[in-house]
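>>> 3D, please:
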Amino acid sequence: MKASNNAFKAIADPARREILRLLRPGEMTAGDLAAHFDMSKPTMSHHFAVLAEADLITRRREGQAIWYGLNTTVLQDVLSWIMDLAGPETKPRKK
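Now for the predicted structure:
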């Protein structure tokens, strides 16, 4: 559940949710992502680190550029957990 806790912490921030949304169509460089935000490079790096720690994004270096991509596996695990939580009960409630 630690991975899920990291994921929930990561998506709690609106800027990180926006980064994930921007990565839906495919990989983007750190610079391309940063162009969508009015924040410092260290702040962007922090957001990337939190998302990477939660395993929500992948990163790879190509020359000077760092490319980020969406790791849909972890997102699917989190959504599955939420759906299980919201789904029908398997045990009858005690009255």
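>>> what's near enough to touch residue 51?
With contacts defined as CB atoms under 8 Å, 6 or more residues apart in numbering, residue 51 is in contact with 10, 16, 19, 20, 57. (Each C-beta comes from the backbone N, C-alpha and C, glycine too.)
>>> how near is the nearest residue to residue 15 once chain neighbours are set aside to residue 19?
Spatial nearest neighbour of residue 15, excluding adjacent residues (CB to CB, 6 or more residues apart in numbering): residue 47 at 5.7 Å. As judged by CB to CB, to the nearest Å, residue 47 and residue 19 stand 6 Å apart.
>>> Give me the more crowded residue out of these two.
Neighbour totals were compared for residue 47 and residue 19, and residue 19 leads with 25 against 21 (other CB atoms under 10 Å).
>>> could you say which helix or strand contains the more buried one?
In this structure, residue 19 sits in helix 14-23 according to DSSP states H and E.
>>> residues making contact with the next helix or strand after that helix?
Next helix or strand after helix 14-23 toward the C-terminus (DSSP H and E): strand 28-29. Strand 28-29 is contacted by residues 22, 65, 66, 67, 68 when judged by CB under 8 Å, 6+ apart.
>>> Quick check: the two most widely separated of the residues you listed?
22 and 65 (15.9 Å; CB to CB).
>>> Out of those two, name the residue with the larger neighbour count.
A direct count of neighbours by other CB under 10 Å for residue 22 and residue 65 places residue 22 higher, at 16 against 12.
>>> so that one touches residue 33, yeah?
Yes: Residue 22 is in contact with residue 33 according to CB atoms under 8 Å; the separation is 6.0 Å.
>>> Look up phi and psi at residue 45.
When quoted as degrees, to the nearest 10, the phi and psi of residue 45 stand at phi -60, psi -40.
>>> count of residues packed around it?
Around residue 45 there are 13 residues (other CB under 10 Å).
>>> What pLDDT is listed against it?
pLDDT recorded at residue 45 is 95.
>>> give the contact list for it.
Applying CB under 8 Å, 6+ apart, one finds that residue 45 lies in contact with residue 30.
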